[in-house]
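> Kindly return the folded structure for what I paste below:
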Amino acid sequence: MEKVKKWYSFAEGEVFTGSEAPFFEVSDKPWKKLLEENHTVFLEELQELINKKEPNIIPYFNQTLATTPTSWTIFPLRSWNRVFEENCKKTPKTTALINTIPGVTSCAFSILKPKMRIKPHFGDSNVMYRCHLTLKTPGGLPEIGMEVGGQKISWEKGKLFAFCDAHKHEVWNNTNEERWVLIVDILREEFLAEEKKICREIKGSLWWQHKFQNFYFIKHIPRFGRRWLMKFTALFMS
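Have a look, this model is predicted:
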């Protein structure tokens, strides 16, 4: 079997050409059953946060992706093994369940407002299963959905799908209601042994992306330079 090569959007700065399919087959993964069976637990904790007008529900860090800076908001629990302790305390049941899954690197509640889009973009990497567990969806295709690597899909309440974040993808919500999902990143089995290194490198790349949201500066740096910046910055990430 051919070894899968790690791909980072920041370091490569080019179109993803890996052999991975846009969507992963994960029906045999024990964590899929665990997450789907507890979708009401996650929904209840998110609903409580929204009812209380939780201030830690914030715009996604790259505010250039959505229609407006506040179109896409998240409540982060973990980001590449950085744990948001205050948020975890506010969602104890969700946190406890997520902590039982080996290889989880990131987790967040995600809210997409009505009549909004997330622009086509390449994600961070191909090293993980990016999972969407649907908590609330106001409809299906063609009014609301996402396209990954040319394949379209819509959300179904209580159901989970996993896609390869490296492929070009976009999201739209043309309905009059919000879409809520729990996003969970789980490292693929072939990369589990490199978890700490991978998390440091992606945090290094995200640091640069946050500094230069529109990539006007970064896109002119040669690929070897971006790769060097990512690996150098990773040395200072915990």
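> Which residue ranges of this protein form helices?
Here the chain has its helices, by DSSP state H, at 9-12, 30-37, 39-51, 85-90, 92-98, 195-211, 223-234.
> What mean pLDDT does the shortest one get?
Mean pLDDT, taken over the full extent of helix 9-12, equals 70.
> Mean pLDDT lowest where, among the helices of the chain?
Across the helices of the chain, helix 223-234 has the smallest mean pLDDT, namely a mean of 64.
> coming back round to it: out of the helices of the chain, which one sits most buried?
Of the helices of the chain, the one with the most neighbours on average (mean count of other C-beta atoms under 10 Å) is helix 9-12, at a mean of 21. Where C-beta positions appear, they are placed from N, C-alpha and C, glycine not excepted.
> Report the contact partners of residue 50.
57, 111 (C-beta atoms under 8 Å, 6 or more residues apart in numbering).
> Relative to residue 80, how far out is it?
Per C-beta to C-beta, to the nearest Å, residue 50 is found 25 Å from residue 80.
> try residue 18
Distance from residue 18 to residue 80, by C-beta to C-beta: 20 Å.
> Between these two, point out the one with more neighbours.
For residue 18 versus residue 80, the count of surrounding residues by other C-beta atoms under 10 Å is larger for residue 80: 21 against 13.
> Minimum distance to residue 108: which of the helices of the chain has it?
helix 85-90 (8.9 Å; C-beta to C-beta).
> got the contact list for the closest one?
By C-beta under 8 Å, 6+ apart, the list of residues contacting helix 85-90 reads 45, 49, 54, 56, 75, 76, 77, 78, 95.
> Check whether the last one really touches residue 75, as I assumed.
No: in terms of C-beta atoms under 8 Å, residue 95 does not count as a neighbour of residue 75; the distance is 11.6 Å.
> Sweet, I'm off.
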